[in-house]
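> Here is my input, please return the structure:
(chains A, B and C)
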Amino acid sequence: MFRNNYDNDAVTFSPQGRIFQVEYAQEAVKQGSVVVGLVNKTHAVLVGLKRNAEELSSYQKKIIEIDSHMGIAIAGLASDARVLSNYMKQQSLGSRMTYGRPIPVDRIVTQIADRAQTNTQHYGKRPYGVGLLVAGVDEAGPHLFEFQPSGMIHEMLACAIGARSQMARTYLERNLEKITNSTRDELISHGLRALKETLSQDKELTVDNTSVGVVGLADGGKGKIESFKHYEGQDLVPLLEAVESGEAKEEETMEVDS
Amino acid sequence: MTSIGTGYDLSNSVFSPDGRNFQVEYAAKAVENGGTAIGIRCEGGVVLAVEKIITSKLLKPDANKRIATVDRHVGIVSAGLVPDGRHFVSRARDEAASWRSVYKGPIPVSALSNRLGSYVQAYTLYSSVRPFGVTAIVGGWDSEAELAVDGQVGSGPKLGSGGKVDGAKAGGPGLYMIEPSGLYWGYHGAATGKGRQAAKAELEKLDLSSGNLSLIDAVKEAARIIYVAHEDSKDKEFELEMSWVSSLDGPTHGRHEEVPRQLLEEAEKAAKKALEGEDDDEEEEQEETKDSGNSGERMEE
Amino acid sequence: MNHYPEIWGRPRDDIYGPYNSSYLQTTGPKTYTQSPAVTGTSVIAVKFNGGVAIVADNLASYGSLARFTDVKRLRVFSDSAVIGFSGDVSDMQYIHRLLGSIDIRENYSTHGNMLNAKNLHTYLSKVLYKRRSEFNPLWNHLLVAGFDEDKNPFLSSADLLGTTYSAPHLATGFGAHLAIPILRRLFPEEKPLEEITKEHAEAALRECLKVLWYRDARSLDKYSMAVITAEGIELKEDQVIGAQSWAFAESIKGYGAQIN
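Okay, the predicted model is just below:
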């Protein structure tokens, strides 16, 4: 029934020092639809591809606001993500209540990662089956974190997780410098373009299947922030159009190059 | 692997007929694949260093710290499963905080290591948990001066608390390494992770027990050793992270801190140079400057 | 000697009457601290252009006894705030330890995101309010001085009930009655903060301390002063109100027994 003797639970090491149950949980992330995150010097952006189970059903939410300075994008088991996001909302609210300050992004990410680690060391628990991208701002500027079921967290400049996310990562790696030096709106376009790379031939980004979240430092500076904004439905029209017109422009320049 | 298929290696806390706990040995395997981590203890303090393999270009450079501060005067670096390392550090922080709340002072590095050893050992006792997949190096400085008691009122007794002789010195550097079995020893120089063999060989050459190495030199040696230990996986890029803790009159004033940017870069430069010298002494100087220029660019990425 | 060990060493009932144990209340409500024990008196603080100055004397009184004369009642929190404590000294020590553990926690990660004075005040007021809601208050009135998230000078107070308020100048204890009128005269409401220099603020605080030393019987002429500016915290803990004299008292007439 099992592939080997060492993958029955999360508390057994294989002879190579691997924990198969955790590795299998990472596979659940790859089953989820893709989400992309990226940062420049002022903003952090999340974009996600939403899936609907059937033609007439609604689309699964991919981006969740945690607090006015932070949001997450999810890939994998949505119900596990709900548990984690509820916990993040509580911690975030707790920080505002006790100290009157928005919780620093690295801290809340570490907190969920520590929770996830516990699930990989104690019998009777299972690892979370979801990967998260956490985007937020704090005193140190904008941040993007990747969270994995193993409890691994990484601060990233750009990242993509979920089905066919390798295509998006390739795009992000190729354009990393441009992304880092982009403006807010360019950053969103880069995110959408990376997302587009993952689509199969017959698919397109639409106002129905796309989701965008943006958070950043406000123009005025002095620690003021542009609160997390979640773009869905008709709000996406200008963002998607910007990607199209941007691509048209790029094609022109490419022609000149050749 | 004689253990495979016997069935004695499938559950934690189970002895095999020849008296081994295989799950603990497997946990140690996870450590052997982790980035090299080392600690050097010298007269003036302790240096911790770790090799961080860059697994993706998309990682934010310089951001993902692997050396943790536990209390003002203690730091921990570990090799193996990174999330387990965080669990370990979190326990260390709790122990340090609880020591403070009971004894109104900082926890000695030896006592902290002892408690952490016990904690890790407990994770080898039960089938309901798995052992820690980390070997951790704990480094710190026990204050040599009389410390003000937390929350002390006034200037306190003029001749030192508890009838101690004024001017008497105690404290000093502490360096311990804790393994997945819960076993721990104190060290002059400790190494774990993938490149530990090479690192150990280099540490032994330093003759640390003689007490002749200065803290600044220890920083440079630590950087060099990480570079040497990296030789075997040369195709992968890595970031070097270092921290230190010195005596009260030293550069960190008894606190565990990151090694300052400038010193770190200096140490890295010296490390690269030393390596190139080892590779081929006859290489032309021109070639050398070109090479170091290239690798410098790589680290910026 | 009799065979009732529980009365050995006690006054004999047949001579002194039975022992009155009514004061050893075993019933009735559970009580915690009903009054402070060793106390510090006023703390005074003033905002000025670019910072905050705060003072407290170095005395801890045991009732009316001047018990400890080198007590530091201004406590620094991690280069970002100074907290001045009046009220119970052991509760001050407790809060100080609490702040110490927060400081350690805040320094686990090294990059930015440190608590500022305003965050600290919010936190402390919650601690005080929680304790008073448990009917076990921390018997202090404290002033928190430093900067807020916009880097503006911050000064606010929190007391043993969890009550908070803020003003450009604040004082606790006797100072609330004696120092505030002086500060209101020196720094009237219509005077903008930009016109108050650090030197003005320091001089005003010394003037207040002088008045308090004469009129508050639980005060001392040795004091601590802290000045918080963007450059950091400057704390002096062994200051003296110099050249004071009670000689003028001889010429005061109209009180008590007069000879002529």
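> contacting residues around residue B:71?
B:93, B:96, B:97, B:100, B:106, B:107, B:112, B:140, B:256, C:104 (Cβ atoms under 8 Å, 6 or more residues apart in numbering or on different chains). The way it works is simple: take the backbone N, C-alpha and C, and place the C-beta from them, glycine included.
> tell me the secondary structure for the residue in chain C that chain B sits nearest to?
Closest residue of chain C to chain B, Cβ to the nearest Cβ: residue C:93 (3.5 Å). Classification of residue C:93 by DSSP: H, G, I helix; E, B strand; the rest coil places it in helix.
> How about the one 4 residues further on?
Look at residue C:97: counting by three-state DSSP, its state is helix.
> ok, it touching residue B:102?
No - in this structure, residue C:97 is not within contact of residue B:102 by Cβ atoms under 8 Å, at 11.5 Å.
> Look at these two and report which has more neighbours.
residue C:97 (16 against 9; other Cβ atoms under 10 Å in any protein chain shown).
> Residues in a beta bridge with the most centrally placed residue in chain C, which ones?
Centroid-nearest residue in chain C, with Cα atoms, centre = their mean: residue C:86, separated by 1.2 Å. Taking DSSP bridges, one obtains residue C:141 as the residues bridged to residue C:86.
> Which pLDDT value belongs to it?
Note on residue C:86: pLDDT of 97.
> who in the stretch 151-258 of chain A is up against chain B?
Residues of the stretch 151-258 of chain A lying close to chain B (Cβ under 8 Å from any Cβ of the partner chain) are A:151, A:152, A:154, A:155, A:156, A:157, A:158, A:159, A:169, A:172, A:173, A:176.
> if I look at the second one, how far off is chain C?
Residue A:152 sits 17 Å away from chain C when distances are taken as Cβ to the nearest Cβ, to the nearest Å.
> Got the phi and psi for the residue in the stretch 101-250 of chain A positioned nearest to chain B?
For the stretch 101-250 of chain A and chain B, the shortest gap (Cβ to the nearest Cβ) falls at residue A:151, measuring 3.2 Å. With angles defined as degrees, to the nearest 10, residue A:151 sits at phi 90, psi 0.
> how many other residues sit next to it?
Counted with other Cβ under 10 Å, residue A:151 comes out at 26.
> where along the stretch 201-301 of chain B do the strands fall?
Ranges of strands in the stretch 201-301 of chain B, per DSSP state E, counting those that start in this stretch, are B:238-246, B:256-258.
> how about those strands, which one is nearest chain A?
strand B:238-246 (12.4 Å).
> Excluding chain neighbours, what is closest to residue C:115?
Closest residue in space to residue C:115, ignoring its immediate chain neighbours: residue C:106 at 5.9 Å, by Cβ to Cβ, 6 or more residues apart in numbering or on different chains.
> can you count the residues close to that neighbour?
Neighbours around residue C:106, by other Cβ under 10 Å: 17.
> Over stretch A:84-97, what's the mean pLDDT, rounded is fine.
pLDDT averaged over stretch A:84-97 gives 98.
> go on, stretch C:156-171?
97.
> Tell me the buried residues in it?
Buried positions in stretch C:156-171, judged by neighbour count with 16 or more other Cβ atoms under 10 Å in any protein chain shown: C:156, C:157, C:158, C:159, C:160, C:162, C:164, C:167, C:168, C:169, C:170, C:171.
> Likewise for stretch B:227-238?
B:227, B:228, B:229, B:230, B:237, B:238.
> In helices only, show me these.
B:227, B:228, B:229, B:230 (DSSP state H).
> Up against chain A, what does chain C have?
Residues of chain C lying near chain A (Cβ under 8 Å from any Cβ): C:109, C:111-115, C:118-120, C:122-123, C:126, C:149-151.
> one step back: a markdown table please, covering the residues of the stretch 151-258 of chain A next to chain B and showing secondary structure and pLDDT.
Output for those, formatted as a markdown table (DSSP: H, G, I helix; E, B strand; the rest coil; pLDDT from 0 to 100):
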| residue | secondary structure | pLDDT |
| --- | --- | --- |
| A:151 | coil | 97 |
| A:152 | coil | 97 |
| A:154 | strand | 97 |
| A:155 | strand | 97 |
| A:156 | strand | 97 |
| A:157 | coil | 98 |
| A:158 | strand | 98 |
| A:159 | strand | 97 |
| A:169 | helix | 97 |
| A:172 | helix | 98 |
| A:173 | helix | 97 |
| A:176 | helix | 97 |
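> ok, of those residues, which come out buried?
A:151, A:152, A:154, A:155, A:156, A:157, A:158, A:159, A:169, A:172, A:176.
> For the last one, give me its contacts.
Shown in contact with residue A:176 (Cβ under 8 Å, 6+ apart): A:157, A:158, B:57, B:58.
> of the strands of the stretch 201-301 of chain B, which approaches residue C:138 most closely?
strand B:256-258 (31.2 Å; Cβ to Cβ).
> And that closest one, how far out from the chain middle?
Put simply, strand B:256-258 sits 12 Å off its chain's centre (Cα atoms, centre = their mean, to the nearest Å).
> Over to stretch C:42-55?
14 Å.
> quick one: that stretch near chain B?
No - under the criterion of Cβ under 8 Å from any Cβ, chain B is not reached by stretch C:42-55; the shortest gap measures 15.6 Å.
> list the buried ones in that stretch?
Buried residues in stretch C:42-55, counted by 16+ other Cβ under 10 Å: C:42-48, C:50-55.
> Just the ones of those in helices?
Going by DSSP H, the helices hold none of the buried residues of stretch C:42-55.
> Now, those that are in strands?
C:43, C:44, C:45, C:46, C:47, C:48, C:51, C:52, C:53, C:54, C:55 (DSSP state E).
> pretty sure the first one contacts residue C:75?
What that stands for is residue C:43. No - here residue C:43 lies out of contact with residue C:75, judged by Cβ under 8 Å, at a distance of 10.9 Å.
> which stretches of the stretch 151-260 of chain C form helices?
C:174-186, C:198-215 (DSSP state H, counting those that start in this stretch).
> In a markdown table, list these along with distance to residue C:135 and mean neighbour count.
Compiled in a markdown table, those are given as follows (distance: least, Cβ to Cβ, whole Å; neighbours: other Cβ atoms under 10 Å in any protein chain shown):
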| stretch | distance to residue C:135 | mean neighbour count |
| --- | --- | --- |
| helix C:174-186 | 25 | 18 |
| helix C:198-215 | 32 | 18 |
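> got a markdown table for these, with distance to chain B too?
Below are those laid out as a markdown table (distance: least, Cβ to the nearest Cβ, whole Å):
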| stretch | distance to chain B |
| --- | --- |
| helix C:174-186 | 21 |
| helix C:198-215 | 19 |
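> of those helices, which approaches residue B:193 most closely?
Across the helices of the stretch 151-260 of chain C, closest to residue B:193 is helix C:198-215 (Cβ to Cβ), at 53.0 Å.
> Quick check: mean pLDDT of the closest one?
When pLDDT is averaged along helix C:198-215, the result is 96.
> just stretch A:28-41 next, same as before
Stretch A:28-41 comes out at a mean pLDDT of 96.
> cool, and stretch B:248-260?
On average, stretch B:248-260 scores 95.
> close to chain C, is it?
Yes - using Cβ under 8 Å from any Cβ, stretch B:248-260 reaches chain C at B:257, B:258.
> So for that stretch, what gets flagged as buried?
Buried residues in stretch B:248-260 (16+ other Cβ under 10 Å): B:250, B:251, B:252, B:254, B:255, B:256, B:257, B:258, B:259.
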